[in-house]
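Undergrad: I'll drop the sequence and a predicted model, then ask my questions.
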Amino acid sequence: MHIIRSVGIGILCSIGGYVVGALVTYALINVFSQNQHDRNVEAAMTAAFAGGPCAAVLAFIVGVVLSWRSH
């Protein structure tokens, strides 16, 4: 039962991690990108397909480990 609960907590953390990672990536690309023609598209695609998923995987691992340690 502890494994199922830990994975469930990890999934919830990964959803939050995706949102936070995507928003942070979007903001960073908009501020620091030198692209003048399609900066918003670059920021959206990078956030959706790079920043968000990377943060989601990291948040899943952290959520599972912290949940596992609390038991």
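TA: Thanks, I have it.

Undergrad: mind listing what's buried in the biggest helix by length in the chain?
TA: Looking across the chain with DSSP state H, the single longest helix is helix 2-32. Buried residues in helix 2-32, defined by neighbour count with 16 or more other C-beta atoms under 10 Å: 6, 9-10, 13-14, 17-18, 21-22, 25-26, 29. C-beta coordinates here come from the backbone N, C-alpha and C atoms, glycine included.

Undergrad: can you check stretch 54-71 too?
TA: Result for stretch 54-71 [16+ other C-beta under 10 Å]: buried residues 55-56, 59-60, 63-64, 67.

Undergrad: And the contacts of stretch 24-34?
TA: 39-40, 42-44, 46-47, 50-52, 55 (C-beta atoms under 8 Å, 6 or more residues apart in numbering).

Undergrad: still on that earlier bit, kindly reformat the buried residues of helix 2-32 as TSV containing distance to N35.
TA: Output for the buried residues of helix 2-32, formatted as TSV (distance: C-beta to C-beta, whole Å):
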residue	distance to N35
S6	41
I9	38
G10	35
C13	32
S14	29
G17	26
Y18	24
G21	21
A22	18
T25	15
Y26	14
I29	9
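
Undergrad: For these, work out which two are farthest apart.
TA: Distance extremes for the buried residues of helix 2-32: the farthest pair is S6 and I29 at 33.3 Å, using C-beta to C-beta.

Undergrad: Nice, that's everything, thank you.
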